[in-house]
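Enquirer: Quick one: sequence and predicted model below, then my questions.
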Amino acid sequence: MTEKCGVVGVSLDGRDAARPLYYALYALQHRGQESAGIVTHDGFQQHSHVDMGLVGDVFDADDLETLNGSAGIGHVRYPTAGSVDSSCAQPFSVSFKSGSLGLSHNGNLVNADEIREELAAVGHAFTSDGDTEVIAHDLARNLLEEDLVRAVKHTMSRIHGSYALTISHDDTVLGVRDPQGNRPLCIGKLEDGYILASESAAIDTLDGELVRDVRPGELVVLDDDGAGFDSYQLVETENTAHCFFEHVYFARPDSIIDEQLVYEARRNLGRKLWEESGVETDVVMPVPDSGRAFASGYADAASETTADGELRADEDDGVEFAEGLMKNRYVGRTFIMPTQDERERAVRLKLNPIKSTIEGKTVTVIDDSIVRGTTSMQLVQLLKDCGAEEVHVRIGAPEIVAPCYMGIDMATREELIASDKSTAEIRDTIGADSLSYLSTDAVADVLGKERIDLCLGCVTGEYPYDIEGEETDRDVSRPELEGRTLHADD
Ligand code: SF4
């Protein structure tokens, strides 16, 4: 599974925005490593620097010097819609009759092709196959006839899918979250201005203060002088569709998303995992680093109650928490290994067990997800080779049974081990003595939401958007496009 894009926007009182944007992008690097970019505006013209690579490689001091202006937006990207090349790197920037626009998008539209076709038919020329350019063209067209707020509202009535956007329109910076709030976006206050960012960790990096999340369907317009912001609730929906995987996997543990510290949410998911499927073993250990918070919550709950839910007696120490697997941080991600054989080798390179914490013991190993099953299979084998008597696997999320259409590259249905195998079959495939996942109800409970207010598409196969050939869990449909008649030069 790969994270999908981080967005940021800042508006400051006189100070150049480039460096704060650069530091914020560093804080969001975990959300995308394919490309990085910054677009600023100095009141007269737009400046842009976008390239393939990590933030530290994309910008040098000279690049930052040329990005003038106290307002700007930034983006780190892992490819979702669109091809894997620089034409899809963001922010997307362009100048129209209606002014210059920069756009950073996290998410994925499900009706981008329909809108692109409609706009292309009236003369709009597209330079990429990404959905961000579709939003930019649509917005630019609306800005010919409407003020900024109406133009954004008009575009929101036409696009369908998942989006958290930061936008620069000349030197005005704005942020929008889709009506279901699928992707996170929050507002922060800086010493001399305001920031919009995918995660609050970016605000912390700039010594800022988290103000609040951007609400689903809300447009936030930052003041040009950094003094404040205006809010417009442009669309209201009955239910939200927050991506639960942000809390489980994508976001940094030190970020606060939808008013919850991600680390605490993961620990609480771990506690639930013990309540639902705890097993008494000698030792419990995380798969580093993804399973750490879950394992710590699981072990905490295990020290209080037995697997049967009884309070532990004073002399009963419960389950020992240990770091039994060491991670080599310099090995590439397993998913970029082209063959199955290489992928398997990479797991051995990536994790090294500490024999003394494993040998002769019954072990519970905790992770946040199983995608293809390859890693889990290798891991169980590794622990058994190391002398573990039993290996029990616990997962802090439900089974992933279906792909994500909202911007997360997780794998195709055929590649997902849980799409056609029962938990018992997966347990046998990975060679574990037992395997349990967390229930979707437990996830909703820990996140303090009704199930219908979460996107659970990849674990239920029912999505919160109208996706061709897929089921939906709510009353949604794609917007009817009104058919554009204006000429592109209008
Ligand atoms: S399908 Fe899964 S990963 Fe994608 S948005 Fe929904 S919950 Fe998140």
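Expert: Structure's in. What do you need? Everything numeric here is computed off the predicted structure, so don't read it as measured data.
Enquirer: Surely A140 touches V94?
Expert: Yes - between A140 and V94 a contact is recorded at 7.2 Å, counting by Cβ atoms under 8 Å. Using the backbone N, CA and C atoms, a C-beta is placed for each residue, glycine as well.
Enquirer: Overlap of the contact sets of those two?
Expert: Contact with both A140 and V94 is made by residues L101, according to Cβ atoms under 8 Å, 6 or more residues apart in numbering.
Enquirer: Neighbour count for those two, which is higher?
Expert: Between A140 and V94, counting by other Cβ atoms under 10 Å, A140 is the more crowded of the two (23 against 15).
Enquirer: mind listing what the more buried one touches?
Expert: Applying Cβ under 8 Å, 6+ apart, the residues contacting A140 are 94, 96-98, 101.
Enquirer: In ChimeraX, how would I select the buried members of those?
Expert: The buried residues among those can be selected in ChimeraX (16 or more other Cβ atoms under 10 Å) with this line:
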select :96,98,101
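Enquirer: The ligand: which of the contacts of A140 is nearest?
Expert: Closest to the ligand out of these is L101 (26.2 Å), distances taken as Cβ to the nearest ligand atom.
Enquirer: tell me the SS of the closest one?
Expert: Per DSSP: H, G, I helix; E, B strand; the rest coil, the secondary structure class of L101 is strand.
Enquirer: Quick check: it touching D138?
Expert: No - contact between L101 and D138 fails when scored by Cβ under 8 Å: they sit 10.7 Å apart.
Enquirer: which residues does whatever residue of the stretch 251-400 of the chain ends up closest to the ligand contact?
Expert: Distances between the stretch 251-400 of the chain and the ligand by Cβ to the nearest ligand atom are smallest at I400, namely 7.7 Å. I400 makes contact with 369-371, 410, 416, 418, 458-459 under the criterion Cβ under 8 Å, 6+ apart.
Enquirer: between these, which has the most around it?
Expert: The contacts of I400, ranked by neighbours (other Cβ under 10 Å): first place C458, 28 neighbours.
Enquirer: what about the closest residue to the ligand within the stretch 201-350 of the chain, distance to A121?
Expert: Each residue of the stretch 201-350 of the chain has a distance to the ligand, by Cβ to the nearest ligand atom, and the smallest belongs to C243, at 3.2 Å. Using Cβ to Cβ, to the nearest Å, one obtains 33 Å as the distance from C243 to A121.
Enquirer: just to revisit the earlier point, give me the phi and psi angles of the residue of the stretch 251-400 of the chain closest to the ligand.
Expert: phi -90, psi 110 (degrees, to the nearest 10).
Enquirer: same question, M52
Expert: According to degrees, to the nearest 10, the main-chain angles of M52 amount to phi -80, psi 140.
Enquirer: which residues touch the closest residue in space to it that isn't next to it in sequence?
Expert: Nearest in space to M52, with sequence neighbours left out and distances taken as Cβ to Cβ, 6 or more residues apart in numbering, is S35 at 4.8 Å. Counting by Cβ under 8 Å, 6+ apart, S35 makes contact with 50-53, 58, 75-77, 86, 88-90.
Enquirer: Restricted to strands, list those residues.
Expert: Counting by DSSP state E, the contacts of S35 place 50-52, 75-77 in strands.
Enquirer: Now the two most distant members of these.
Expert: M52 and H75 (12.5 Å; Cβ to Cβ).
Enquirer: Compare those two (neighbour count), which wins?
Expert: Just comparing M52 and H75: by other Cβ under 10 Å the higher neighbour count belongs to H75, 32 against 16.
Enquirer: what sits against the more buried one?
Expert: When contacts are counted by Cβ under 8 Å, 6+ apart, H75 touches 5-8, 25, 32, 35-38, 50, 89-91, 104-105, 166.
Enquirer: among those, which ones are buried?
Expert: 5-8, 25, 32, 35-38, 50, 89-91, 104-105, 166.
Enquirer: which strands and helices sit next to the one helix or strand K272 maps to?
Expert: With elements taken from DSSP states H and E, the one containing K272 is helix 262-277. Of the remaining helices and strands, those touching helix 262-277 by 3 or more Cβ pairs under 8 Å, 6 or more residues apart in numbering; DSSP states H and E are helix 292-304, strand 390-395, strand 434-437, helix 440-447.
Enquirer: go again using 7 Å as the cut-off
Expert: Under the contact definition 3 or more Cβ pairs under 7 Å, 6 or more residues apart in numbering; DSSP states H and E, helix 262-277 sits against helix 292-304, helix 440-447.
Enquirer: could those helices go into CSV alongside mean neighbour count, mean pLDDT and distance to the ligand?
Expert: As requested, the helices and strands packed on helix 262-277 are arranged in CSV below (neighbours: other Cβ atoms under 10 Å; pLDDT from 0 to 100; distance: least, Cβ to the nearest ligand atom, whole Å):
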stretch, mean neighbour count, mean pLDDT, distance to the ligand
helix 292-304, 22, 95, 17
helix 440-447, 19, 97, 10
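Enquirer: need these in JSON lines with distance to D171, can you?
Expert: Compiled in JSON lines, these are given as follows (distance: least, Cβ to Cβ, whole Å):
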{"stretch": "helix 292-304", "distance to D171": "40"}
{"stretch": "helix 440-447", "distance to D171": "37"}
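Enquirer: Out of the ones you listed, which is closest to L67?
Expert: Proximity to L67 (Cβ to Cβ) singles out helix 292-304 among the helices and strands packed on helix 262-277, at 36.2 Å.
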